[in-house]
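Peer 1: Let me see the structure of the following:
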Amino acid sequence: MAVDVNNGTTDGKWAASREQANGDGAGHGPRCGVLRTASVALRGDGRRLFGLAARAAGLAALGGLLVTALGFLVAWPAFTEMRRGAIAARRMEDSYAPSGLLVQDLWLITLAGLPFLVLLLHLGCAAVQTAASRAVADREDGHRPEGARGRAGSPATDVSAHPAGGRERGRFGAVLGSYLLRAAGVWAPLVTGILVSEYFTTTLFREYTALVPKWEYPTRFALLHDGAPLLGLAITLVLRFGWALAPAAAAAEHLGPLRSLRRSWSLVWGGATAWLRTLAAALPLGALTVGAYLLLHAAARPLRPGASALFLAWGTDNTYTAYCVGILAPIAAALLLTGVLTLPPAHVVLAALRDRLARERERRARGAAATGAGRA
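Peer 2: Take a look at the predicted model:
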């Protein structure tokens, strides 16, 4: 009896270890690490993903150009007033600086156009994330051999070849909704903190003294002026980290925007090491994106005088408008190129990480259920 029990225990351990080595027992092949899965997916579908990112960047450039042109039209009276003031000062042989109210109007117009630019960014991100999740799912589920990846007519490039191909557009909408809902939830605490600070400690919303002047309430002033934005920033970072996998969850698991946020939160904070693995993936991706943007912006600086000169040659002779065009040109070029180069690998890594954390969570749940059944 004792020998049979020991053999049964040994056989059970061997079966469990074999199941863990082969996957989750559902017929999947051997499991790979997150980086290996991402690299295989990029080798197979990288050309398609980068091509999709380039097309998304082109469409975003056209949309951003339209939004920028509308912004300049709205701001044209402010630019005209600046030019008139400069001409009058030049005639009087005096120096000229634009009024603070005019500069504030330009900032308000910029802030009004920013949500539309963010929407264009999220449209491109949603398209790339949907395709990246499909590539990782094909690699993990073994829909096709690695050598067939990326070819015309293969399941990666032909949406109709997948059983769920008819729902790709609905999945794209769910991913886009996840991006938009996450952006609203992430930025709300930071914006609220800044507004609280400005409302109580400055005269931005009133003409005369602040509600909490520094000379009268130094401690309360410091808490409201610095503490509210810092608290909002801390909440923003925690929410952004916990919802990092929400678009990937919406693409892979056909979840709605709100459910994808909950799923991402449970995956990131649900395991003992899940948050550490997410941090280990998020930090290099963030550093890669920021580093690529800084390098590309430095390389695109020669566009600044050329864009200003082109605007003066084909547009008006308003040097203030030309100055703004020269500032925006290298920023736009760097942002678009950064998206093309970094979005495909970043989204593939996030999709692979979501897949791994989800499978490990399911494996732990099955283990806990088996242990409970054994005790019962």
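
Peer 1: what's the spacing between residue 357 and residue 117?
Peer 2: Distance, residue 357 to residue 117, by CB to CB, to the nearest Å: 32 Å. C-betas here are computed from N, CA, C, even on glycine.

Peer 1: ah, wrong one, I meant residue 238
Peer 2: 25 Å.

Peer 1: just residue 100 next, same as before
Peer 2: Distance of residue 100 to residue 117, given as CB to CB: 25 Å.

Peer 1: ok, these two, which is more surrounded?
Peer 2: For the pair residue 100 and residue 117, the greater number of neighbours falls to residue 117 (18 against 8), based on other CB atoms under 10 Å.

Peer 1: Quick one, grab the pLDDT at the more buried one.
Peer 2: Each residue has a pLDDT score; the one for residue 117 is 92.

Peer 1: From what I see, it and residue 67 are in contact.
Peer 2: Yes. Counting by CB atoms under 8 Å, residue 67 is a contact partner of residue 117 at 6.0 Å.

Peer 1: so where do the strands sit in the stretch 1-150 of the chain?
Peer 2: Along the stretch 1-150 of the chain, no stretch is classed among the strands by DSSP state E, counting those that start in this stretch.

Peer 1: Show me the shaky parts of it.
Peer 2: Low-confidence regions of the stretch 1-150 of the chain, defined here as pLDDT under 70, cover residues 1-32, 140-150.

Peer 1: try it again with 50
Peer 2: Residues of the stretch 1-150 of the chain meeting the criterion pLDDT under 50: 1-30, 143-150.

Peer 1: would you list every one of the helices in it?
Peer 2: 2-22, 34-74, 76-91, 100-141 (DSSP state H, counting those that start in this stretch).

Peer 1: Residue 192: which of these is closest?
Peer 2: helix 100-141 (15.4 Å; CB to CB).

Peer 1: Mind naming the longest helix for this structure?
Peer 2: As assigned by DSSP state H, the longest helix anywhere in the chain is helix 319-375.

Peer 1: pLDDT averaged over it - what is it?
Peer 2: 88.

Peer 1: now for it, which elements pack on it?
Peer 2: helix 34-74, helix 76-91, helix 100-141, helix 246-253, helix 257-270, helix 274-299, helix 303-314 (3 or more CB pairs under 8 Å, 6 or more residues apart in numbering; DSSP states H and E).

Peer 1: can I get these in a markdown table with distance to residue 353?
Peer 2: Conversion of the helices and strands packed on helix 319-375 to a markdown table gives the following (distance: least, CB to CB, whole Å):
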| stretch | distance to residue 353 |
| --- | --- |
| helix 34-74 | 5 |
| helix 76-91 | 46 |
| helix 100-141 | 9 |
| helix 246-253 | 8 |
| helix 257-270 | 9 |
| helix 274-299 | 5 |
| helix 303-314 | 36 |
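
Peer 1: dump the residue contacts of residue 214.
Peer 2: With CB atoms under 8 Å, 6 or more residues apart in numbering as the criterion, the residues that contact residue 214 are 201, 221, 225.

Peer 1: swap that for residue 277, please
Peer 2: By CB under 8 Å, 6+ apart, the contact list for residue 277 reads 34, 353, 356, 357.

Peer 1: so what's the last one closest to, chain neighbours aside?
Peer 2: Which is residue 357. In space, residue 357 comes closest to residue 267 once its chain neighbours are excluded; the distance is 4.5 Å by CB to CB, 6 or more residues apart in numbering.

Peer 1: Thanks again, I'm all set now.
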